[in-house]
Every structure is written in structure tokens, then in C-alpha cells.
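Asks: Have a look at this fold, sequence not included:
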């Protein structure tokens, strides 16, 4: 989970430059009320502009809230539940192992 405030000008670009050669798969739910999906959109664009050819972006229309009942009001913030069942994730991760 990472977040660059949308009002910052260079945060996404600075991070994307450091991740230019690293595999990155961004997962984000459009209904996330904690971190706006536009932050992931912005990072995806920054990674592409930085020349990262090893990144993917999965933008889900819906993601669940965290499983802990204390945080059930955080709609969309448990996108990891969807990421962990992504059929392509294991193979994608293994292609970068040595």
C-alpha cells in the first residue's frame, strides 16, 4: 500500500524513477474511500513515462472493505483480497525470480 497525495507535483514521478527497472503490479479498487483510485492512475502513468516495461495495473471496479470488523467502513480498501486470487499473479512473480 502506498500513496502520493494527489496535490503533490513530483511524488509519483520521483518514486517511478526509482522503480523504473523493478517489476511493479498496482492493484486498486475504484471504490477505495481511503486512497483515491486517481493516485494509482497517476502512478501508473508515471511508471509508463519512466520507461518501466515490467509494470501492470489492475483497476477493479469494486474491492471489499478490510476483514476486521473495526474497519468495515473503509469500503474498497482491501484490494489485496482480489490481488491474492489473481490467476496470473504467481506466474508473474515467478518470472522475475532468479
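Replies: Happy to help now that I have it. The model shown is predicted, which means the values in this text are computed figures rather than measured ones.
Asks: show me where this protein has helices.
Replies: 11-18, 37-49, 80-83, 89-94 (DSSP state H).
Asks: wait, which of those helices is closest to residue 24?
Replies: Across those, residue 24 has its closest neighbour in helix 37-49 (6.2 Å, CB to CB). Where you see a C-beta, it was placed from the backbone N, CA and C, and this is true even at glycine.
Asks: Other residues contacting the closest one?
Replies: Residues outside helix 37-49 that contact it (CB atoms under 8 Å, 6 or more residues apart in numbering) are 2-6, 12-13, 15-16, 19-20, 24, 26, 28-30, 55, 57, 59.
Asks: residues of it that come out buried?
Replies: By neighbour count with 16 or more other CB atoms under 10 Å, helix 37-49 contains the buried residues 37, 39-44, 46-47.
Asks: just stretch 56-76 next, same as before
Replies: 57-58, 60, 63-66, 75-76.
Asks: hang on, the earlier thing: in JSON lines: the helices of the chain, plus mean pLDDT.
Replies: Formatted as JSON lines, the helices of the chain follow (pLDDT from 0 to 100):
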{"stretch": "helix 11-18", "mean pLDDT": "94"}
{"stretch": "helix 37-49", "mean pLDDT": "95"}
{"stretch": "helix 80-83", "mean pLDDT": "97"}
{"stretch": "helix 89-94", "mean pLDDT": "97"}
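Asks: Let's have these in JSON lines, adding distance to residue 70.
Replies: Below are the helices of the chain laid out as JSON lines (distance: least, CB to CB, whole Å):
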{"stretch": "helix 11-18", "distance to residue 70": "29"}
{"stretch": "helix 37-49", "distance to residue 70": "23"}
{"stretch": "helix 80-83", "distance to residue 70": "17"}
{"stretch": "helix 89-94", "distance to residue 70": "28"}
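Asks: Compare those and give me the one nearest residue 71.
Replies: The nearest among the helices of the chain, by CB to CB, is helix 80-83 at 12.9 Å.
Asks: Now do the closest one: which elements does it pack against?
Replies: strand 24-29, strand 55-60 (3 or more CB pairs under 8 Å, 6 or more residues apart in numbering; DSSP states H and E).
Asks: Good, we can wrap up now.
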